[in-house]
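S.K.: test case, fold it:
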Amino acid sequence: MARIAPRCHAVARSGTAGLLTIPLALALLGAGAPLLAQNASTLAAPPAPIVSGTAPSPDPRVGLHAGLTNAGEASWNLRVLSQTPPSQDFIGVTNSDLAFTGHYAIQGSYSGYQVWDISNPSAPTLAEGYVCPASQSDVSVYRNLLIVSGEGLSGRLDCGKQGVNDVVSKDRLRGVRIFDISDLHNPKNVGNVQTCRGSHTHTLLVDPKDPDNIYVYISGSAPIRPADELAGCSAGMPDSNPNTALFRIEVIKIPVAHPEQAAIVSSPRIFAGLVAPPRHGLAGEDQKEIDAAKAQGKFVVEIPVAGIFQVLPDQFVKPRLDSIVKARAGTGDATAADSAALRTMIDNMVKQMLGNRPPSGPTQCHDITVYPAIGRAGGACEGYGLLLDITDPVNPRRLAAVSDSNFSYWHSATINNDGTKVLFSDEWGGGGQPKCRATDPHDWGADAIFTVENKQTLHFDNYYKMPAPQTSLENCVAHNGSMIPVPGRDVMVQAWYQGGVSVFDFTDAAHPKEIAFFDRGPVDSTHMAMGGSWSAYWYNGVIVSSEIARGLDVMELAPNPLLTQNEIDAAKSVHFDYLNVQGQQKFVWPATFALSRAYADQLERSGGLSAARLAAVREGLQKAEGASGGARRGALSRLATQIEGDAAGSSDAAKVRLLAQSVRELAKAGM
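M.R.: As a prediction, the model looks like this:
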């Protein structure tokens, strides 16, 4: 079947990306580093991965040379299948998150979204490039509907590239767009839902009890828009305004058959009673940079919600100094007195821009991950991690809240398949700063792993942080990832911006361990330039990474002693028709010989069965696979009974029972 040529709409080139979290706050202050607007029409073939059961030493990620399209690369137990540059109209603009449907990967961008056909993961092709500028174009998909977030002040209802310059405008879009993508090459905007803070991220919830509707949880971290622009919006504190747009999330209900009827149906106040969380101070290297900036006479402010100190760029400072000169009827450059006057005003000025309020608990979540099959969600909510009951999707209810002085900004959540663990990530530095330097604390800008007790409380176990030190020219911190359906284990792949992609095992929550990685050198060798993996997700057998500056990467796991071919094949047997990682679906493994062999491999790794018994099990599986019909069923049933008898004397009895169950399911399937 001939591929329809992609339709790419024109886009304005900004050359500057907004920062990735605390997004509008830092963007308003002029922060952000330019993405290099180069067209990488061809990329060099990536090097073959190191494949081993022990981490390579020295770590090959350290000292990689810089470059946008020719940076040094290192990989361990991960094989790069393809590296595809952005399509022409998306070059030089930040790529953001991913969603999947069929054999397509939908990649958000500050310019809109691109749809990649990944049916051949070694050679993705562009199916659609739809330009509709907004920050940050978080994407989710369900059947024929595509949901896209918009939060910044320049997004337009008509998707125009000219932006919005007025303080109050009927043309501004801050909320979510709803597209009908029945014809992928001709998407139609069939609905928009405006919210007071816009949508930095959103979460699509498919309620198993309600097939006619989908629900969208909105997380927005930008300042409140004026009531003149959207009626009912208020930035007041709850004690003076019980209807304030702060301290709540929004729940949107979208009728699947009539998406034009989408509307906000509730605004749950899940933060009630939470106090200001504890915070750590500056890291040593950061304190030195701030002190040096102050010594040079630069202006430094604190972003209170994240505990970030920001050196204000000249494009923010100069217009304000010019205003002071003009106000005193002066001419020429600003004087020392003018600078001193600005310093007395700058902190309040920034607080007003970001929404001036006293210290408090969270007023919003950054991201929420729902798991409808178990009725739970993990909320990463600024200064707290929340465990939510979502059995009533319209009225989520807080069950537990945790804070941690080692965490700066609770960014995202991931729940393991059986719902017994929640992993929260910390986006220390807002995503635009280098927080993986050798001098940075290993438990800052990391993941925190919690065990869920009694389905309603959270118990801290340990931290995980990508272990390779990165340079001061690489934005690096924990970011978006997903579970990999390795049976019997909790294995996750995660993006670390310019720290690359890390795969780790946290089955033992107290002792997480890296088992694979991929990394590039810095985007630029002379200054900080934004880049790296925004999100890295497993989808139907491959890992897809949205590279902020370089495009789309597709990888696969390479078999090794830490993750065998049988375990990888069993993971590949789990297939989804669509995937939104923040709307987790339960992994269910079909009965396959690979599944049984994967459990056998794990028992060899743990010592749960003797070498002799494992040899007998593997021989029994091989003989059964060579048989058919009744002979196969009989052989598998007898083998399952034998394995069940092994459980009582095993040090890994639970895994032995899983092996026995998988063999019995094989017998029932008659494979």
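S.K.: okay, now the unreliable bits of the stretch 551-671 of the chain?
M.R.: For the stretch 551-671 of the chain, the stretches with pLDDT under 70 are 671.
S.K.: show me where it has its helices.
M.R.: Under the criterion DSSP state H, counting those that start in this stretch, helices of the stretch 551-671 of the chain are mapped to 565-572, 593-606, 611-626, 629-646, 653-669.
S.K.: show me what the first one is packed against.
M.R.: Packing partners of helix 565-572 (3 or more C-beta pairs under 8 Å, 6 or more residues apart in numbering; DSSP states H and E): helix 593-606. Placement of C-beta: from N, CA and C, glycine included.
S.K.: domains for this structure, by residue range?
M.R.: 23-276+361-579, 284-354, 593-669 (automatic domain parsing).
S.K.: among the ones you listed, which is nearest residue 587?
M.R.: domain 23-276+361-579 (4.2 Å; C-beta to C-beta).
S.K.: could I get the full set of helices for the stretch 101-250 of the chain?
M.R.: Under DSSP H, counting those that start in this stretch, the stretch 101-250 of the chain gives no helices.
S.K.: output stretch 550-570 as PDB, nothing but the C-alphas.
M.R.: As requested, the backbone C-alpha atoms of stretch 550-570 are provided in PDB (Å, rounded to 0.1, in the frame of the first residue of the first chain):
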ATOM      1  CA  ARG A 550      17.500  15.400  17.500                       C
ATOM      2  CA  GLY A 551      14.200  13.700  16.700                       C
ATOM      3  CA  LEU A 552      13.000  10.100  17.300                       C
ATOM      4  CA  ASP A 553      15.100   7.200  18.500                       C
ATOM      5  CA  VAL A 554      14.000   3.600  18.500                       C
ATOM      6  CA  MET A 555      15.900   0.900  20.400                       C
ATOM      7  CA  GLU A 556      15.600  -2.700  21.400                       C
ATOM      8  CA  LEU A 557      16.900  -4.700  24.400                       C
ATOM      9  CA  ALA A 558      19.900  -6.900  23.600                       C
ATOM     10  CA  PRO A 559      19.800 -10.300  25.400                       C
ATOM     11  CA  ASN A 560      22.400 -10.600  28.200                       C
ATOM     12  CA  PRO A 561      22.800 -12.300  31.500                       C
ATOM     13  CA  LEU A 562      20.800  -9.700  33.300                       C
ATOM     14  CA  LEU A 563      17.900 -10.000  30.900                       C
ATOM     15  CA  THR A 564      17.700 -13.100  28.700                       C
ATOM     16  CA  GLN A 565      16.200 -13.600  25.300                       C
ATOM     17  CA  ASN A 566      13.400 -15.600  26.900                       C
ATOM     18  CA  GLU A 567      12.500 -12.600  29.100                       C
ATOM     19  CA  ILE A 568      12.600 -10.200  26.200                       C
ATOM     20  CA  ASP A 569      10.500 -12.500  24.100                       C
ATOM     21  CA  ALA A 570       7.900 -12.800  26.900                       C
END
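S.K.: buried ones in that stretch, by neighbour count?
M.R.: The neighbour-count check on stretch 550-570 (16 or more other C-beta atoms under 10 Å) flags 550-560, 562-564, 566-570 as buried.
S.K.: of these, which belong to strands?
M.R.: Among the buried residues of stretch 550-570, DSSP state E puts 551-557 in strands.
S.K.: so what's residue 367 up against?
M.R.: 201, 203, 219, 379-380, 411-413, 582 (C-beta atoms under 8 Å, 6 or more residues apart in numbering).
S.K.: so residue 541 touches residue 569, yeah?
M.R.: No: taking C-beta atoms under 8 Å as the definition, residue 541 is not a contact partner of residue 569, at 9.3 Å.
S.K.: thought residue 433 was touching residue 474?
M.R.: No: contact criterion C-beta under 8 Å: residue 433 and residue 474 do not qualify, at 9.7 Å.
S.K.: and these two? Which one has more around it.
M.R.: residue 474 (30 against 26; other C-beta atoms under 10 Å).
S.K.: state the distance from the more buried one to residue 662.
M.R.: For residue 474, the distance to residue 662 (C-beta to C-beta, to the nearest Å) stands at 43 Å.
S.K.: what pLDDT does the model give residue 311?
M.R.: pLDDT, residue 311: 86.
S.K.: also the one 10 residues further on?
M.R.: Residue 321 is assigned 92 on the pLDDT scale.
S.K.: enumerate every residue touching the residue nearest to it when sequence neighbours are not counted.
M.R.: Closest residue to residue 321 apart from its sequence neighbours, by C-beta to C-beta, 6 or more residues apart in numbering: residue 334 at 4.0 Å. Going by C-beta under 8 Å, 6+ apart, residue 334 touches 321-322, 324-325.
S.K.: thinking again about what came up before, can I get the helices of the stretch 551-671 of the chain in TSV with distance to residue 155?
M.R.: What follows is the helices of the stretch 551-671 of the chain, written out as TSV (distance: least, C-beta to C-beta, whole Å):
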stretch	distance to residue 155
helix 565-572	38
helix 593-606	46
helix 611-626	56
helix 629-646	57
helix 653-669	49
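S.K.: tell me where the stretch 101-250 of the chain has strands.
M.R.: Ranges of strands within the stretch 101-250 of the chain are 104-109, 112-117, 125-131, 136-142, 145-150, 175-180, 188-194, 201-205, 213-219, 250-255, based on DSSP state E, counting those that start in this stretch.
S.K.: cool, thanks, talk later.
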